[in-house]
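K.L.:
Predicted model, plus sequence, below.
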Amino acid sequence: PRTALLLQNLSAGTRNPAAALAHRLLHRSTMMPDPVMVKCSEEAEPEGGESRPKRHRTSSLTEADLKLPSFRDDMDYISLTSHEAAADSVPLVWGAGNPDERGPVIATSRSTRHRNSIGAHSGGYSIYRALAVAAGKLDPNFVPDLTDTEPVTRIGPYDSWADVKKVSVMDPYGHMTTEAFDAQLKKGYDIRPTIAVTKAHIDLPEFKEAIRLKRLQPDGVILNEAGQTVITKAAIEPVWYLPEIARRFDCSEEELRYALFRETNMMYPELITRQDIKVFLPPIGGCTIYIWGDPQTIPDENIPLTVRVHDECNGSDVFGSDICTCRPYLTHAMEECVKTAQQGGAGVVIYYRKEGRALGEVTKYLVYNRRKRQKEGDTAKEYFNCTKYVAGIMDTRFQALMPDALHWLGITKIDRFISMSDMKYNAIVSTGIRIVTRVPIPPELVPRDAQVEIVAKVYAGYEGGQSYSVNEEALKDTKGREYQ
């Protein structure tokens with residue numbers, strides 16, 4: 001009844017009464033456990049000034065140290081908050097120095113009593129899993145066989161993993177499930193990886209063209225005669241530590257939880273009812289990291305490192321739309337990564353799923369229509385305003401969440417940053433990573449219809465170096481083509 005009353009108040013749209021009621025429920029209700037299950041390692045500092053145990057990759061726990069997990073046989077049982085206030089919840093200490101102290105992230109539907117995280121694995125793809133279950137194609141009790149799925153190369157652990165201000169939007173141990181939490185897996189706990197690390201060959205038409213024009217030289221190791229490159233890549237699902245996310249956005253954790261709850265149309269009531277659970281797997285896309293060269297050299301400041309952080313643009317990146325600079329800038333960055341790797345360094349491209357400045361592709365296309373149908377045409381002067389008119393805001397990518405992937409790789413210095421974005425640059429350097437050189441997109445790679453974008457961005461503060469200089473006259477006169 002208390003939870004039902006809470007949800008009624010929240011759905012009514014009256015924030016203050018809801019917040020007050022939530023506060024009473026969260027802090028006074030005997031239905032809720034004490035808020036100690038998930039906490040930051042800063043709260044668990046040993047007494048007497050003792051140092052933390054040394055970080056290690058593998059767990060020192062054995063099966064004998066753990067009790068048997070329990071699962072529900074009746075999968076039709078539904079808990080309103082999807083979490084049970086039980087002592088079986090697995091402790092999770094975010095920012096701890098090793099996996100034994102930290103504990104695994106558990107967020108599977110078959111482990112309701114052990115769960116220590118809100119949300120579901122695979123982000124939005126969890127909906128497709130639900131369809132498979134509904135269609136009778138997938139057993140909801142299925143447990144993955146993780147044999148031979150371990151990473152193809154070692155990444156970490158690094159000091160940054162124990163710093164919540166540097167890694168709090170992903171699980172740094174997410175790729176080490178079978179190694180760091182072997183004892184728990186053998187005991188029967190349902191722990192799923194949130195990161196996978198593999199190898200691949202990239203066959204890019206732009207590489208073949210670069211070889212033809214002699215911008216790239218095949219070496220048979222990084223780049224072969226056919227124009228293929230061999231890379232290491234990591235797929236990462238988002239795992240958020242809510243107190244740190246709130247700090248980065250200069251709001252309280254309660255305000256963050258309320259906004260997440262409200263703007264997802266109340267999909268996750270435990271954001272309100274379970275403040276003791278501090279970790280959230282949001283229903284959004286994550287990122288993919290592509291690495292040229294030896295990943296082990298990345299943390300070494302004496303070895304050159306080239307980096308681009310790229311936000312998804314399906315229209316340009318995949319289909320070659322020329323209204324923006326996304327694909328040409330991305331492929332230019334990949335070319336620079338190859339060159340750096342051939343010189344004995346490493347190149348990194350981090351590809352974030354933030355389509356349309358994280359506003360979505362539908363919103364982006366609506367903005368395109370408005371830009372092209374303006375009375376004065378598609379002008380650089382109105383480039384950002386058109387987005388604000390349609391979406392109410394110019395950008396929701398919020399680069400404050402972006403640098404965590406860099407810290408996961410152990411990066412402390414970037415020699416060549418292939419980006420003009422002031423937002424990305426400021427977000428990265430504010431976390432302690434040094435950037436030596438910023439590299440703008442070569443003017444000859446900017447498509448004709450993308451001149452509107454590049455002029456608007458440089459005028460707004462993007463770093464154009466010696467390649468770009470924009471005044472008010474250029475801002476006013478630069479126009480894109482009209483619809484045909």
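P.N.:
In hand now; what should we look at? No experiment lies behind these values; they were computed from the predicted model shown.
K.L.:
pLDDT weak spots in this structure?
P.N.:
Applying pLDDT under 70 to the chain flags the ranges 1-59, 67, 70-87.
K.L.:
Run through the strands of it in chain order.
P.N.:
Taking DSSP state E, the strands of the chain run over residues 38-40, 92-94, 117-119, 195-203, 228-236, 240-241, 279-281, 287-292, 305-311, 346-352, 413-417, 434-438.
K.L.:
Flag every buried residue along the fifth one.
P.N.:
By neighbour count, and taking 16 or more other Cβ atoms under 10 Å as the criterion, the buried residues in strand 228-236 are 228-229, 231-236. C-beta: built from backbone N, CA, C; applies to glycine.
K.L.:
just the last one next, same as before
P.N.:
Buried residues in strand 434-438, defined by neighbour count with 16+ other Cβ under 10 Å: 435, 438.
K.L.:
helices or strands next to it in the packing?
P.N.:
Under the contact criterion of 3 or more Cβ pairs under 8 Å, 6 or more residues apart in numbering; DSSP states H and E, strand 434-438 touches strand 413-417, helix 422-429.
K.L.:
Output the ones you listed as CSV; include the columns distance to residue 285 and mean neighbour count.
P.N.:
CSV is the format used below for these (distance: least, Cβ to Cβ, whole Å; neighbours: other Cβ atoms under 10 Å):
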stretch, distance to residue 285, mean neighbour count
strand 413-417, 23, 21
helix 422-429, 18, 18
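K.L.:
just to revisit the earlier point, would TSV of the strands of the chain with distance to residue 270 be doable?
P.N.:
As requested, the strands of the chain are exported to TSV (distance: least, Cβ to Cβ, whole Å):
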stretch	distance to residue 270
strand 38-40	12
strand 92-94	15
strand 117-119	5
strand 195-203	24
strand 228-236	24
strand 240-241	14
strand 279-281	9
strand 287-292	25
strand 305-311	30
strand 346-352	27
strand 413-417	38
strand 434-438	39
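K.L.:
quick one, which of these is nearest to residue 215?
P.N.:
Nearest to residue 215 among these is strand 228-236 (13.9 Å), distances taken as Cβ to Cβ.
K.L.:
Now do the closest residue to residue 465 other than its chain neighbours against residue 386, distance only.
P.N.:
Leaving aside its chain neighbours, residue 465 sits nearest to residue 440 (4.9 Å; criterion: Cβ to Cβ, 6 or more residues apart in numbering). Distance, residue 440 to residue 386, by Cβ to Cβ, to the nearest Å: 24 Å.
K.L.:
I figured residue 175 hits residue 197, correct?
P.N.:
Yes: counting by Cβ atoms under 8 Å, residue 175 sits close enough to residue 197 to count as a contact (5.3 Å).
K.L.:
Between those two, which is the more surrounded one?
P.N.:
For residue 175 and residue 197, the more surrounded residue by other Cβ atoms under 10 Å is residue 175, and the numbers stand at 26 against 23.
K.L.:
wait, what's in contact with that one?
P.N.:
Residue 175 makes contact with 151, 155, 193-197, 234 under the criterion Cβ atoms under 8 Å, 6 or more residues apart in numbering.
K.L.:
Save the helices and strands packed on strand 434-438 as JSON lines, and put in distance to residue 366 too.
P.N.:
Output for those, formatted as JSON lines (distance: least, Cβ to Cβ, whole Å):
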{"stretch": "strand 413-417", "distance to residue 366": "32"}
{"stretch": "helix 422-429", "distance to residue 366": "23"}
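K.L.:
Can you give me the neighbour number for the residue nearest to residue 261 when sequence neighbours are not counted?
P.N.:
Distances taken as Cβ to Cβ, 6+ apart place residue 271 nearest to residue 261, at 4.4 Å, with adjacent residues excluded. Using other Cβ under 10 Å, residue 271 has 25 neighbouring residues.
K.L.:
now residue 271: how far from residue 118?
P.N.:
Residue 271 sits 6 Å away from residue 118, going by Cβ to Cβ.
K.L.:
can you check residue 426 too?
P.N.:
In this view, residue 426 and residue 118 are 30 Å apart by Cβ to Cβ.
K.L.:
Residue 217 now?
P.N.:
In this view, residue 217 and residue 118 are 50 Å apart by Cβ to Cβ.
K.L.:
who's more crowded, these two?
P.N.:
A side-by-side neighbour count of residue 217 and residue 118, using other Cβ under 10 Å, places residue 118 first with 25 against 11.
K.L.:
residues in contact with the more buried one?
P.N.:
Residue 118 neighbours (Cβ under 8 Å, 6+ apart): 83, 107, 268, 270-271, 274, 277, 279-281.
K.L.:
Test my guess that residue 90 contacts residue 114.
P.N.:
Yes: contact criterion Cβ under 8 Å: residue 90 and residue 114 qualify, at 5.1 Å.
K.L.:
pull the longest helix from the chain.
P.N.:
Ranked by number of residues, the top helix in the chain under DSSP state H is helix 326-342.
K.L.:
what angle separates it from strand 346-352?
P.N.:
Orientation check (axes from the mean of the first three to the mean of the last three Cα atoms, to 10 degrees): helix 326-342 against strand 346-352 gives 150 degrees.
K.L.:
Report all helices and strands that helix 326-342 contacts.
P.N.:
Using 3+ Cβ pairs under 8 Å, 6+ apart as the contact test, the elements touching helix 326-342 are helix 205-212, strand 287-292, strand 305-311, helix 314-317, strand 346-352, strand 413-417.
K.L.:
Now do the shared contacts for residue 90 and residue 114.
P.N.:
Common neighbours of residue 90 and residue 114 are listed as 106, 189 (criterion: Cβ under 8 Å, 6+ apart).
K.L.:
Looking at the helices and strands packed on helix 326-342, which is nearest to residue 367?
P.N.:
Of all these, helix 314-317 sits nearest to residue 367, with 12.0 Å by Cβ to Cβ.
K.L.:
Just give me the residue closest to the centre of this structure.
P.N.:
residue 286 (4.2 Å; Cα atoms, centre = their mean).
K.L.:
so what's that residue up against?
P.N.:
If you count contacts by Cβ under 8 Å, 6+ apart, residue 286 has them with 123, 170, 235-238, 352-353.
K.L.:
what's near enough to touch the nearest residue to residue 211 once chain neighbours are set aside?
P.N.:
Nearest-residue entry for residue 211: residue 227, 5.6 Å, with adjacent residues in sequence omitted and distances by Cβ to Cβ, 6+ apart. The contact partners of residue 227, by Cβ under 8 Å, 6+ apart, come to 203-204, 207-208, 211, 218.
K.L.:
neighbours around residue 186, how many?
P.N.:
Around residue 186 there are 11 other residues, counting by other Cβ under 10 Å.
K.L.:
My error: substitute residue 178 in the last question.
P.N.:
16.
K.L.:
ok, now how distant is it from residue 147?
P.N.:
Separation of residue 178 from residue 147 (Cβ to Cβ): 8 Å.
K.L.:
Check residue 126 too.
P.N.:
Going from residue 126 to residue 147 by Cβ to Cβ gives 24 Å.
K.L.:
residues near the nearest residue to residue 457 once chain neighbours are set aside, how many?
P.N.:
Distances taken as Cβ to Cβ, 6+ apart place residue 420 nearest to residue 457, at 6.7 Å, with adjacent residues excluded. Other residues lying near residue 420 total 23 when counted by other Cβ under 10 Å.
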